[in-house]
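Engineer: here's a sequence, model it:
(one chain, ligands or ions: 2)
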Amino acid sequence: MKISRIVLRLLKMPFVSFFETSFGRVYKKEVILVQVHDDSGKDGWGECVAAENPFYSYEDVHSAWSVLTRLISPRILEPPISTPEDLPEMVSFVRGHPMAKAAVEMALWDLYSKKLEKPLWRVLGGVYEKIPCGVSIGIQDHPDDLLEKIEAELEAGYQKIKIKIKPGWDVEITRLVRQHFPEAPLMVDANSAYRLSDAEHLKVLDQFDLMMIEQPLYYDDIYEHSLLQQRISTPVCLDESIRHHRDARLALQLGACRVINLKIGRVGGLVEAIKIHDLCKEQEIPVWCGGMLETGIGRAHNIALSTLQNFVVPGDVSASARYFGRDIIQPPVEVNPQGFIEVPEAPGIGYQPDLEWIEEKTVKRQAITCD
Ligand code: OSB
Ligand code: MG
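Structural biologist: Ligands and ions are numbered 1, 2, ... in the order given. Sure, this is the predicted structure:
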């Protein structure tokens with residue numbers, strides 16, 4: 001492949017309802033899309049999952065735009081690229097900024113598999129033709145709102161319910177949810193809202209038969225999670241702390257978690273995500289695909305990744321309609337009544353970007369070309 005032109009777009013899209021975590025509430029999606037064009041006239045799409053503000057991680061749309069326009073895009077215009085697997089090495093001169101790098105790598109994977117006339121998931125080595133889905137439900141204004149949402153999602157067929165927790169919205173809310181839904185596959189995500197000194201408090205959650213507790217402690221910690229895991233019986237799942245396969249290796253060696261949430265953006269791309277997947281598979285540690293409130297482009301990449309063999313827990317990959325009145329791909333992502341997404345067979349990501357709608361939602365645009 002020879003990349004002749006890269007188009008970066010910043011879009012703003014309102015969410016159908018707000019999403020609140022322990023680090024705050026968002027009402028809209030600000031997102032950078034990467035479109036790569038090659039000299040044969042084909043294109044590929046990627047999504048940068050960096051948010052409006054650096055609250056989940058240090059990257060945000062502003063840092064990502066800067067790194068993408070000044071450094072990463074110019075770098076991939078020059079040489080021929082034989083496979084997207086070359087990308088991590090090509091952009092390693094930039095330290096960090098995994099979400100910016102991942103967006104470009106995703107776009108190359110889409111283009112590459114379109115050129116092979118194969119669906120991306122098969123190019124990645126995926127084995128599942130449908131993937132089990134769960135939902136992530138944010139902190140609500142009132143407990144009744146949460147119960148109502150959970151009921152609707154279970155009714156729709158979703159196979160895992162994840163609720164966000166924070167101090168003051170944790171033990172009692174989980175107890176209430178468990179009382180109403182005694183059989184539901186349930187887990188909680190704290191987004192780093194606790195400290196090791198809260199271990200006794202978190203231990204109270206052990207009685208609710210949770211599938212796991214996600215990222216309870218510091219966003220960059222592995223060691224203290226290993227101490228916490230020794231003190232509670234609920235499996236710890238790491239999200240924020242796992243930045244690359246070396247973190248995953250350390251976490252598994254220390255026993256800091258019993259399951260890993262994999263996000264393409266957080267680990268810098270599909271190549272690194274697959275490395276972590278393979279490492280976990282070897283050690284019989286299950287993984288599942290996390291979400292970053294993606295538009296259809298990022299969602300399609302998550303679906304492709306989720307077809308790899310060791311994705312054995314339902315992910316946070318759910319229907320477009322839970323987020324947007326109108327998504328930017330055609331068809332939108334849909335979940336069947338059994339709670340599965342049927343993986344598309346069309347080449348590349350398998351969903352068509354809706355260019356007209358994308359242009360309408362674009363608030364900033366920059367094209368980068370060879371000269
Ligand atoms: O911690 O998994 C998280 C959304 C934004 C940032 C971090 C997280 C999340 C979610 C939502 O849980 C998952 C989704 O529905 O996309
Ligand atoms: Mg999380």
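
Engineer: contacting residues for whatever residue of the stretch 151-300 of the chain ends up closest to ligand 1?
Structural biologist: In the stretch 151-300 of the chain, the residue that lies nearest ligand 1 is residue 291 (2.3 Å; CB to the nearest ligand atom). Placement of C-beta: from N, CA and C, glycine included. Residue 291 makes contacts with 136, 263, 299, 302, 315-318, as judged by CB atoms under 8 Å, 6 or more residues apart in numbering.

Engineer: next one: it from ligand 2, what distance?
Structural biologist: Distance of residue 291 to ligand 2, given as CB to the ion, to the nearest Å: 9 Å.

Engineer: and that residue, how far is that from residue 61?
Structural biologist: 17 Å (CB to CB, to the nearest Å).

Engineer: count of residues packed around the residue in the stretch 151-300 of the chain that ligand 2 sits nearest to?
Structural biologist: Closest contact between the stretch 151-300 of the chain and ligand 2, by CB to the ion, is at residue 239 (3.6 Å). Residue neighbour count, defined by other CB atoms under 10 Å, stands at 21 for residue 239.

Engineer: I'd guessed it sits against residue 216; true?
Structural biologist: No - applying CB atoms under 8 Å, one finds residue 239 not in contact with residue 216, separated by 10.3 Å.

Engineer: all helices of the chain, in order?
Structural biologist: In the chain, the helices defined using DSSP state H lie at 61-67, 73-77, 87-90, 98-115, 120-123, 143-155, 171-180, 199-203, 223-231, 245-254, 270-282, 296-305, 355-361.

Engineer: got the confidence number for the most centrally placed residue in the chain?
Structural biologist: The residue lying closest to the centre of the chain (CA atoms, centre = their mean) is residue 291, at 3.1 Å. In this model, residue 291 is scored at 98, pLDDT.

Engineer: cool, and the one 3 residues further on?
Structural biologist: The confidence metric pLDDT takes the value 98 at residue 294.

Engineer: now it, nearest residue through space, not along the chain?
Structural biologist: In this structure, residue 294 finds its nearest non-sequential neighbour in residue 47, 5.9 Å apart by CB to CB, 6 or more residues apart in numbering.

Engineer: could you check how far the one you found is from residue 96?
Structural biologist: From residue 47 to residue 96 the distance is 19 Å (CB to CB).

Engineer: give the contact list for residue 37.
Structural biologist: 3-7, 43.

Engineer: ligand 2 contacts on the protein?
Structural biologist: Contacts of the chain with ligand 2, taken as CB under 5 Å from the ion, map to 189, 214, 239.

Engineer: the first one pairs with what?
Structural biologist: Going back to what we said before, that points to residue 189. On the basis of DSSP bridges, residue 189 is bridged to residue 164, residue 214.

Engineer: re earlier: what about residue 47 and residue 96, which has more around it?
Structural biologist: Neighbour count, other CB under 10 Å: between residue 47 and residue 96, residue 47 has more, with 29 against 14.

Engineer: any idea how far that one lies from residue 312?
Structural biologist: With distances taken as CB to CB, residue 47 is found 25 Å from residue 312.

Engineer: now do the contacts for the residue of the stretch 151-300 of the chain closest to ligand 2.
Structural biologist: Taking CB under 8 Å, 6+ apart, one finds 189, 191, 214-215, 261, 263, 266, 290 in contact with residue 239.

Engineer: again, but for residue 296
Structural biologist: 320, 327-329, 332-333, 351, 353.

Engineer: same thing but at 10 Å, please
Structural biologist: 45, 47, 303, 320, 323-324, 326-333, 349, 351-354, 357-358 (CB atoms under 10 Å, 6 or more residues apart in numbering).

Engineer: repeat for residue 75
Structural biologist: Per CB under 10 Å, 6+ apart, neighbours of residue 75: 87, 90-91, 93-94, 104.

Engineer: nearest to ligand 2 among the residues you listed?
Structural biologist: residue 104 (23.7 Å).

Engineer: counting neighbours, what do you get for the closest one?
Structural biologist: The number of residues packed near residue 104 is 27, by other CB under 10 Å.

Engineer: ok, residue 339 next?
Structural biologist: By other CB under 10 Å, neighbour count at residue 339 equals 21.

Engineer: distance of residue 284 relative to residue 234?
Structural biologist: 19 Å.

Engineer: same deal with residue 59?
Structural biologist: For residue 59 relative to residue 234 (CB to CB), the value is 30 Å.

Engineer: same deal with residue 55?
Structural biologist: 25 Å.

Engineer: compare these two (neighbour count), which wins?
Structural biologist: The neighbour comparison of residue 55 against residue 234 (other CB under 10 Å) goes to residue 234, with 22 against 15.

Engineer: who touches the more buried one in this structure?
Structural biologist: Here residue 234 is in contact with 187-188, 202-203, 205-213, 216, 228, 258 (CB under 10 Å, 6+ apart).

Engineer: ok, 6 Å please
Structural biologist: Residues near residue 234 by CB atoms under 6 Å, 6 or more residues apart in numbering: 205-206, 210, 213.

Engineer: and if you look at residue 139?
Structural biologist: 20, 164, 169.

Engineer: swap in 7 Å and give it another go.
Structural biologist: 20-21, 164, 166, 169 (CB atoms under 7 Å, 6 or more residues apart in numbering).

Engineer: type out the ChimeraX command that picks the buried ones from these.
Structural biologist: Selection of buried members from these for ChimeraX, criterion 16 or more other CB atoms under 10 Å:
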select :20,21,164,166,169
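
Engineer: could I get the pLDDT score of the residue of the stretch 101-250 of the chain found nearest ligand 1?
Structural biologist: Closest to ligand 1 within the stretch 101-250 of the chain is residue 136: 3.6 Å, counting by CB to the nearest ligand atom. The per-residue pLDDT reported for residue 136 equals 98.
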